[in-house]
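Trainee: Starting from these lines, generate the structure:
(chains A and B)
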Amino acid sequence: MTPKSASAALEHPLRKPILALMATALAALFLTSFLDRAMVQGTRTARTQVKAKGPMAAVPELMTKLQQNPNDEETILQLADAFMRGKDWQRAEHFYGEALKIDPKNVGALFHRAIVNLEQRHFPEAVEDFKAVLAIKPDVAEAHYYIGMVNKYELKVPQAAKEHLEKALALAPKDKELAAETKKELENLQP
Amino acid sequence: MYLAAHFALLLAMLVSLLGGALACLEAWGRQQGKLPWLEHGQDAAAFLMACASAALLGGLLSRDFSLAYVADYSDSLLPLFYTVTAFWAGQAGSLLFWGLTLALAGTIFSRTARYKALEPSTRVLFWLFFLTLQGFFLVLLTGPNNPFVTLASPPADGKGLNPLLRNVGMIFHPPLLFLGYAGFAIPACLALAATLSGEGRSWLEAARNWILGSWVFLTAGILLGGWWSYMELGWGGYWAWDPVENASLIPWFAATALVHTALLERRFSVLPRTNVCLACLTLILCLFATYLVRSGVVESLHAFGDGGVGGPLLAGVLFAVALAGLVAVSRPRREEPALPGLGSRPGLMVVSVWLLLALGLVVLLGTIWPVLSQLWEVSPKGAEQGFYNTVCLPLFTLLTVVMALAPWFGWTGGPRRLDVPTGLIVLWLAVVAAGASLDVRPVLAVAGVAAAAMACLSVLLLLILVPGSLGSRRFWASHGGHLGLAVIVLGVAVSGPFQRSVEKALSPGESFDFSGYRFTYEGLGATDTPGQEITRAEEARITVSRGGKPVGVLTPQRLTYRNYDHPHTEVSTLPGLGDELYATVHDLDGERLTPLKISVNPMVNWVWIGSVLVCLLPLLAIRFKHGRTSPKEGAA
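Mentor: Alright, predicted model coming up:
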């Protein structure tokens, strides 16, 4: 038997269906690319356009408003909130930062920027923001809770984690869910 | 320029997809006349992707912040070295790097003698699979993950590179992983093509160097990632079983299994279907790792979050699973020699392959557990380190024992000599029993240390007892690589369970004793350099002594980067082959350290010594001369 006929004898029984499957995949890739491009405006992706219909629908109007009055803290905070709801963490962080330049003691902006930092996994920055919140308003149990959690799971500093979780527990007896969660985290905290 | 770069990617996508369609047509009609077109098409696509990559690199080097990617990952003061490496710091750039290495791999492979020795029908089918995969990447790069998004109002300066990424380990960890991932596309596409064309095992000859080389790159990438984690994250360890760390480890298990089963098929023509499955599985798991990192499905310090590519990547993975299953399962059966029994070297290699696959499955399940458990839990949680350590470490220990014993068994059956394997097993059992009786805990760590020592001794005895092994490249490639792995196991088994850590709040002049060492905080030095990349550097000076004799000075730092308001912790170590002292400062209250964390990591540097061995020695098996492996080769 020649090598060619040997190959023919060992031919894959599903050769044609597999080739048809690959042809379908290629067509699907081509169509996906074409459809994606049809939805793109300029160099922005279709994804950004879809987002604009959701939580960030108000962004263009707010940006116009901000251009007219660049120091409008309320507009800056609305923009930051919109970007946060749209999960555009980097822009949300930027606008909370801008709001904090105007009012460095805005607890809400600090707290939200801390959450945005957590979402971006900027853990030391998140901790600093939560600490800034506590410096202004020492009874924010959630800030202690988040600092404790970051120290426990990300920064691996159990001593600091214990300290903050205990403070959160001490401050949150009325918030049953937070208290229960904090208690649980303290129980399984490795010394 | 960026519009032209985007257009180059679009053109490369069109060339790849049309090339794939042409290959499909040729294969359907059993023609090979258009094969040169396919090869030239691949060259063109690779050239276009290289041009697009050069444009991105040019944007980074010229600090052109009108390009969103440049503005997001660099700034005007970033050193040149880190500016270049910002290419793969973000999601879009790293995907472009993945795609570029894939394209270059295809182009390089098409110029090798091993490729040219393949039957034309196999080559046509190879391009069908390869160009489709490349086209898939280019669809992502020209759509949801476009690196050439320009900003209508460019910022005056960029955001800069995350300080965590400014480390040699992190700089080379991603590109090495991508080189490994992309390299495994060649064996997978070859396996599918050769199975479909009926060419048989010659694909393994063509893929041999690619399997080995890609395995080395993947291994180096994983180990450098561990080193980066140890030196940069400051928590004192190197492997936290983080989902993204695991994502690259899962294909490594399949790839390591493939390295061994491919060897068995090349020598004994056994396990052909297994090799097709493992080649495809490795690439699929590489794609799955890409999905895990870029889809936002897992919470991780290292993940990019969902950038719109998660859905397409998952669809690609599922399609690849269906395709590979269809090709491998319905592969026509041939007359194949039987696999030698369990009491032979091939038998023990198959045992180790099963152990590797079991490890891969455990890590895979643990990693995707939060996603799976969403189906029945309100707040799903990932598997904890304890789970992985409990399940994986016994399997790793067993794997090391098998690795130590296998070389003492013959290729066709039975032990080559009884005294050495018996002695090794007795030694292992004796060390475990001694450890248990001396109440050394955990026993598993003792078993791990004993297995590692047994594997090192096994290689040493082979070197002494097998004539010609000292000068044999094949010996050093295989057994040297195993020696490296055993050294890693030794380092892990000691440094993990026997690490000691303490946290102390200290003021200047205060001292404390820990683990036989005396640590004295001499003071804090601070340097302000406004306008520079690092605006403030604070360095604590900790002198270390043991028994009154000075050991060294630890200088953990806190660096404040220009674009990052909050200080970044820099680790300081006093390296040693025994204990390594490791210090970090988590916070400062004036000059008071709140707290200083000290870890004493015994034998941790053996992990990195083993890593160097395991990454470099297998490269000796790379063959530049074209030819089939003789069944008699490499009896050592």
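
Trainee: domains in chain A, as residue ranges please.
Mentor: In terms of domains, chain A is parsed into A:3-38, A:57-187 (source: automatic domain parsing).

Trainee: what about the stretch 501-636 of chain B, any weak spots by pLDDT?
Mentor: Under the criterion pLDDT under 70, the flagged ranges of the stretch 501-636 of chain B are B:565, B:626-636.

Trainee: mind checking which helix or strand the closest residue to residue B:180 other than its chain neighbours is in?
Mentor: Leaving aside its sequence neighbours, residue B:180 sits nearest to residue B:218 (Cβ to Cβ, 6 or more residues apart in numbering or on different chains; 3.0 Å). C-beta here means a position set from N, CA and C on the backbone, and glycine is covered the same way. Residue B:218 belongs to helix B:202-232 when assigned by DSSP states H and E.

Trainee: I figured residue B:520 hits residue B:511, correct?
Mentor: Yes. Between residue B:520 and residue B:511 there is a contact under Cβ atoms under 8 Å: 4.2 Å.

Trainee: can you give me the strands for the chain?
Mentor: If you meant another chain, say so; for now it's chain A. Using DSSP state E, no strands are found in chain A.

Trainee: try chain B instead
Mentor: For chain B, strands defined by DSSP E occupy the ranges B:500-506, B:511-514, B:517-528, B:534-546, B:549-554, B:557-561, B:568-570, B:572-574, B:579-585, B:588-589, B:592-602.

Trainee: middle-most residue in chain B, spatially?
Mentor: Centroid check for chain B by Cα atoms, centre = their mean gives residue B:222 as the closest residue, at 3.1 Å.

Trainee: Next: chain A.
Mentor: Residue closest to the average C-alpha location in chain A (Cα atoms, centre = their mean): residue A:119, at 3.9 Å.

Trainee: and the spatially closest residue to that residue that is not a sequence neighbour, how many neighbours does it have?
Mentor: In space, residue A:119 comes closest to residue A:89 once its chain neighbours are excluded; the distance is 5.0 Å by Cβ to Cβ, 6+ apart. By other Cβ atoms under 10 Å in any protein chain shown, the residues close to residue A:89 number 19.

Trainee: Residue A:89 contacts residue A:121, doesn't it?
Mentor: No. The criterion here is Cβ under 8 Å, and residue A:89 misses it with residue A:121 at 9.7 Å.

Trainee: who's in contact with residue B:428?
Mentor: Residue B:428 sits next to B:401, B:447, B:450-451, B:454 when contact means Cβ atoms under 8 Å, 6 or more residues apart in numbering or on different chains.

Trainee: now the residue nearest to residue A:119: how far from residue A:62?
Mentor: Here the criterion is Cβ to Cβ, to the nearest Å. By it, residue A:89 lies 18 Å from residue A:62.

Trainee: Check residue B:226 too.
Mentor: From residue B:226 to residue A:62 the distance is 45 Å (Cβ to Cβ).

Trainee: show me what contacts the nearest residue to residue B:331 once chain neighbours are set aside?
Mentor: Of all residues not flanking residue B:331 in the chain, residue B:195 sits nearest, at 5.3 Å (Cβ to Cβ, 6+ apart). When contacts are counted by Cβ under 8 Å, 6+ apart, residue B:195 touches A:12, B:203, B:276, B:327-328, B:331.

Trainee: need the contact list for residue B:208.
Mentor: Residue B:208 touches B:114, B:262, B:266, B:623, B:629, counting by Cβ under 8 Å, 6+ apart.

Trainee: just the strands of chain B: most buried one?
Mentor: Mean neighbour count (mean count of other Cβ atoms under 10 Å in any protein chain shown) peaks for strand B:579-585 among those, with a mean of 24.

Trainee: So what touches that strand?
Mentor: Under Cβ under 8 Å, 6+ apart, the answer for strand B:579-585 is B:234, B:236, B:515, B:517, B:538, B:540, B:542, B:544, B:551-552, B:554, B:556-558, B:569, B:571-574, B:593, B:596-602, B:604-605.

Trainee: I'd guessed residue B:421 sits against residue B:407; true?
Mentor: No. The pair residue B:421 / residue B:407 is not scored as a contact, 9.2 Å apart, by Cβ under 8 Å.

Trainee: more crowded one of these two?
Mentor: Neighbour totals were compared for residue B:421 and residue B:407, and residue B:407 leads with 22 against 19 (other Cβ under 10 Å).

Trainee: related to what we said a few turns ago, mind giving me the PyMOL select for the contacts of residue B:195, buried ones only?
Mentor: The buried residues among the contacts of residue B:195 can be selected in PyMOL (16 or more other Cβ atoms under 10 Å in any protein chain shown) with this line:
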select buried, (chain A and resi 12) or (chain B and resi 203+276+327+328+331)
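
Trainee: and the contacts of residue B:195 as a markdown table, adding distance to residue B:30 and pLDDT?
Mentor: Listed next are the contacts of residue B:195 as a markdown table, based on distance: Cβ to Cβ, whole Å; pLDDT from 0 to 100:
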| residue | distance to residue B:30 | pLDDT |
| --- | --- | --- |
| A:12 | 13 | 81 |
| B:203 | 19 | 91 |
| B:276 | 21 | 94 |
| B:327 | 18 | 92 |
| B:328 | 22 | 89 |
| B:331 | 19 | 84 |
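
Trainee: Show me the contacts of residue B:195 that map onto helices.
Mentor: B:203, B:276, B:327-328 (DSSP state H).

Trainee: Can you lay out those residues as TSV showing distance to residue B:316?
Mentor: What follows is the ones in helices among the contacts of residue B:195, written out as TSV (distance: Cβ to Cβ, whole Å):
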residue	distance to residue B:316
B:203	22
B:276	19
B:327	16
B:328	18
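
Trainee: near chain A, from those residues?
Mentor: Contacts with chain A within the ones in helices among the contacts of residue B:195, as defined by Cβ under 8 Å from any Cβ of the partner chain: residue B:327.

Trainee: what bridges to residue B:527?
Mentor: For residue B:527, the beta-bridge partners are residue B:537 (DSSP bridges).

Trainee: pretty sure it is touching residue B:557, no?
Mentor: No. Using Cβ under 8 Å, residue B:527 is not in contact with residue B:557; the gap is 10.1 Å.

Trainee: Give me the common contacts of the two.
Mentor: With Cβ under 8 Å, 6+ apart, residue B:527 and residue B:557 have common neighbours residue B:537.

Trainee: From residue B:121, how far out is residue B:28?
Mentor: Residue B:28 is 12 Å from residue B:121, by Cβ to Cβ.

Trainee: which non-adjacent residue is nearest residue A:166?
Mentor: Nearest to residue A:166 is residue A:186, by Cβ to Cβ, 6+ apart, at 6.8 Å.

Trainee: What of residue B:79?
Mentor: Nearest to residue B:79 is residue B:533, by Cβ to Cβ, 6+ apart, at 7.3 Å.

Trainee: what's the spacing between the residue of chain B most remote from its centre and residue B:543?
Mentor: Residue farthest from the centre of chain B, counting by Cα atoms, centre = their mean, is residue B:509 at 43.8 Å. To residue B:543, residue B:509 is 11 Å away according to Cβ to Cβ.

Trainee: who touches both of the two?
Mentor: Taking Cβ under 8 Å, 6+ apart as the contact rule, residue B:509 and residue B:543 both touch B:520, B:522.

Trainee: which regions of the chain lie under the pLDDT threshold?
Mentor: Looking at chain A here, since you left the chain open. Using pLDDT under 70, chain A drops low at A:1-10, A:37-57, A:172-175, A:190-191.

Trainee: oops, I was thinking of chain B
Mentor: Per-residue confidence for chain B (pLDDT under 70) gives these ranges: B:235, B:296-307, B:378-382, B:565, B:626-636.
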